[in-house]
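*Asks:* Need a 3D model of the following:
(one chain, ligands or ions: 4)
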Amino acid sequence: MDKTTTLLFFLFTLFLTTSISKELCHRDDKNTLLKIKKSLNNPYNIIAWDPKSDCCSWTAIECGNATINYRVTSLDISDDQISGQIPPEVGDLPYLQTLIFRKLSNLTGPIQPTIAKLKYLRFLRLSWTNLTGPVPGFLSQLRNLEYIDLSFNDLSGSIPSSLSLLPKLGYLELSRNKLTGPIPESFGSFKGEVPDIFLSHNQLSGLIPKSLGNLNFYRIDLSRNKLKGDASILFGAKKTTWYIDLSRNMFQFDISKVKIAKTVNILDLNHNGITGTIPVQWTELSLQSFNVSYNRLCGRIPKGGDLQRFGSDSYLHNKCLCGVPLKTCM
Ligand SMILES: *[C@@H]1O[C@H](CO)[C@@H](O)[C@H](O)[C@H]1NC(C)=O
Ligand SMILES: *[C@@H]1O[C@H](CO)[C@@H](O)[C@H](O)[C@H]1NC(C)=O
Ligand SMILES: *[C@@H]1O[C@H](CO)[C@@H](O)[C@H](O)[C@H]1NC(C)=O
Ligand SMILES: *[C@@H]1O[C@H](CO)[C@@H](O)[C@H](O)[C@H]1NC(C)=O
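*Replies:* Ligands and ions are numbered 1, 2, ... in the order given. Got it, this is the predicted structure:
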């Protein structure tokens, strides 16, 4: 080999070795992830977590950029053959922003308390698992949380009122659990923006807090609980609400004078104790989905707008509603 070739060969080798050995993954994060893998009994999807390779390239993992030294920012374990509890070591990934455990029917135990250490956490989804115990109050200490989805689990107890203190919360979904007790009064004064709220399929009871009337929810779903009181406070001509589902509760109020925001697109009030007549103003709504069946409504269904687009299914089982699509009024 002549000098140039030797030099080129040398440079090429240098390039190869540095590019191969340049591992972005932080050593502490790699150790933690390997502990997590072990404590989950080396499950199938993450079995490929090879200690010899860069953890930033592993499935279910994402790392941040150079600003935070490529620390692990996202852990997403979904659809895997996992049995046992959420490993306490998840609390030792200090730069985690996204944490997901989803569709793991054998994931049991409580929501891991060490999650309280994840102060950069923005997105938390623990969903379609068999987690039990309460919705932990410590979540309100994680001030960067924007998104909480704890739906489809076996969580019980009441909803912590401190969740309203989260300054960046935009989405709160606690549907399909076994939650009891009332909707916290504090949910009428969120510190930050007004989040979308999904609380359906629980056993929530008590009166809907009047304070909720102060807020302009974009989406609110309280369906399939045992809630009582005057839920008409959620409506209001000046609001910009899009989605309201109050179905299958025990709400009682007179709708005769209730104005609804023109932005409302999905309105489900079925199975409650709602009285009065449907206001003519409701013909001004653009409705994609509408259901007032199984209430105690009376009088003529106003003609016009979208109200006749829906079949009798949407109006059946009221006290004395009449007019299209139901029978002609006497
Ligand atoms: C790098 O990450 C930091 C912290 O997450 C973030 O604030 C910054 O915008 C990122 N920079 C780039 C160029 O993406
Ligand atoms: C859950 O555990 C049961 C009993 O050990 C097992 O038969 C089943 O395959 C497991 N399911 C999943 C999705 O891991
Ligand atoms: C919880 O476990 C039960 C029985 O093991 C199972 O039938 C159910 O599908 C699981 N729930 C979820 C959401 O995976
Ligand atoms: C309205 O709700 C009732 C009761 O749950 C249901 O039977 C009916 O199918 C619903 N109608 C529509 C159009 O969704």
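
*Asks:* Return the residues in contact with L227.
*Replies:* Applying Cβ atoms under 8 Å, 6 or more residues apart in numbering to L227 gives the contacts I183, L204, S205, G206, L207, I208, L246, N249, M250, F251. Every C-beta, even on glycine, is put in place using the N, C-alpha and C of the backbone.

*Asks:* where does this structure have its least confident helix or strand?
*Replies:* Each helix and strand of the chain was given a mean pLDDT (mean pLDDT, DSSP states H and E); the minimum falls on helix 3-21 at a mean of 51.

*Asks:* of all the contacts of L227, which comes closest to P195?
*Replies:* I183 (13.1 Å; Cβ to Cβ).

*Asks:* Ligand 1 versus the closest one, what's the distance?
*Replies:* Distance, I183 to ligand 1, using Cβ to the nearest ligand atom, to the nearest Å: 34 Å.

*Asks:* circling back: run through the neighbouring helices and strands of the very next helix or strand once past the least confident helix or strand of the chain.
*Replies:* As assigned by DSSP states H and E, the chain's next helix or strand after helix 3-21 is helix 27-39. Applying 3 or more Cβ pairs under 8 Å, 6 or more residues apart in numbering; DSSP states H and E, one finds that helix 27-39 makes contact with strand 72-78.

*Asks:* mind listing what the strand it packs on pairs with, with the direction of each?
*Replies:* Strand 72-78 sits in its sheet next to strand 61-63 (antiparallel), strand 98-104 (parallel), going by DSSP bridges.

*Asks:* angle of that strand against helix 27-39?
*Replies:* On the basis of axes from the mean of the first three to the mean of the last three Cα atoms, to 10 degrees, strand 72-78 is oriented at 10 degrees to helix 27-39.

*Asks:* what sits against the nearest residue in space to A116 that is not next to it in sequence?
*Replies:* For A116, ignoring the flanking residues on the chain, the nearest one in space by Cβ to Cβ, 6 or more residues apart in numbering is F138 at 4.0 Å. Each residue near F138 by Cβ under 8 Å, 6+ apart is listed here: P113, I115, A116.

*Asks:* Pull the number of nearby residues for V280.
*Replies:* By the criterion of other Cβ atoms under 10 Å, V280 has 13 neighbours.

*Asks:* Would you confirm that it contacts P302?
*Replies:* Yes. Using Cβ atoms under 8 Å, V280 is in contact with P302, at 4.6 Å.

*Asks:* Next up, phi/psi of whichever residue of the stretch 101-250 of the chain sits closest to ligand 2, please.
*Replies:* Distances between the stretch 101-250 of the chain and ligand 2 by Cβ to the nearest ligand atom are smallest at N106, namely 3.8 Å. Dihedral pair for N106: phi -100, psi 10, per degrees, to the nearest 10.
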